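Asker: This is a predicted model, with the sequence first.
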Amino acid sequence: MTDIFKAATISTPRLRLEPFAIHHAPVLNAINNEPQVMKFLSKSTAESIETTLENIKRVRERWERLGYSWWAIVDRDTDAVIGAACV
């Protein structure tokens, strides 16, 4: 494994963007199952935790291969995941 996961972390005074990791799965799964999010991601079909874990694995493989992919957005004051972004 490369150090891309460490090198790809971006910090601002309020936020930290870090590549998706397994420990993000519960929160990302909850976000992906919010009705307002589901209508854009899954046509209102609930996402299982297994699907979230598969998605994280795929995203991490993209980080390794391409050097970019999805970030978890973390509030630096609380260390809580508050969203996700692919920039």
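Answerer: It's in. Numbers count the residues shown, from 1 in each chain.

Asker: In which helix or strand does the closest residue to Thr45 other than its chain neighbours reside?
Answerer: In this structure, Thr45 finds its nearest non-sequential neighbour in Met38, 7.0 Å apart by C-beta to C-beta, 6 or more residues apart in numbering. The way it works is simple: take the backbone N, C-alpha and C, and place the C-beta from them, glycine included. Using DSSP states H and E, the element containing Met38 is helix 35-41.

Asker: which residues are contacting the following helix or strand past that helix?
Answerer: Next along the chain after helix 35-41, taking DSSP H and E as the criterion, comes helix 49-66. With C-beta atoms under 8 Å, 6 or more residues apart in numbering as the test, helix 49-66 has contacts from 1-2, 4-5, 8, 19-22, 24-26, 28-29, 32, 68-70.

Asker: mind checking which helix or strand Arg16 is in?
Answerer: Applying DSSP H and E, one finds Arg16 within strand 15-19.

Asker: report the angle between the axes of that strand and helix 49-66?
Answerer: Counting by axes from the mean of the first three to the mean of the last three C-alpha atoms, to 10 degrees, strand 15-19 points 80 degrees away from the direction of helix 49-66.

Asker: helix or strand right after strand 15-19?
Answerer: helix 25-32.

Asker: Next, count neighbours for Arg58.
Answerer: 12 (other C-beta atoms under 10 Å).

Asker: Low-confidence ranges, the protein, go.
Answerer: Filtered on pLDDT under 70, the chain yields the residue ranges 1-2.
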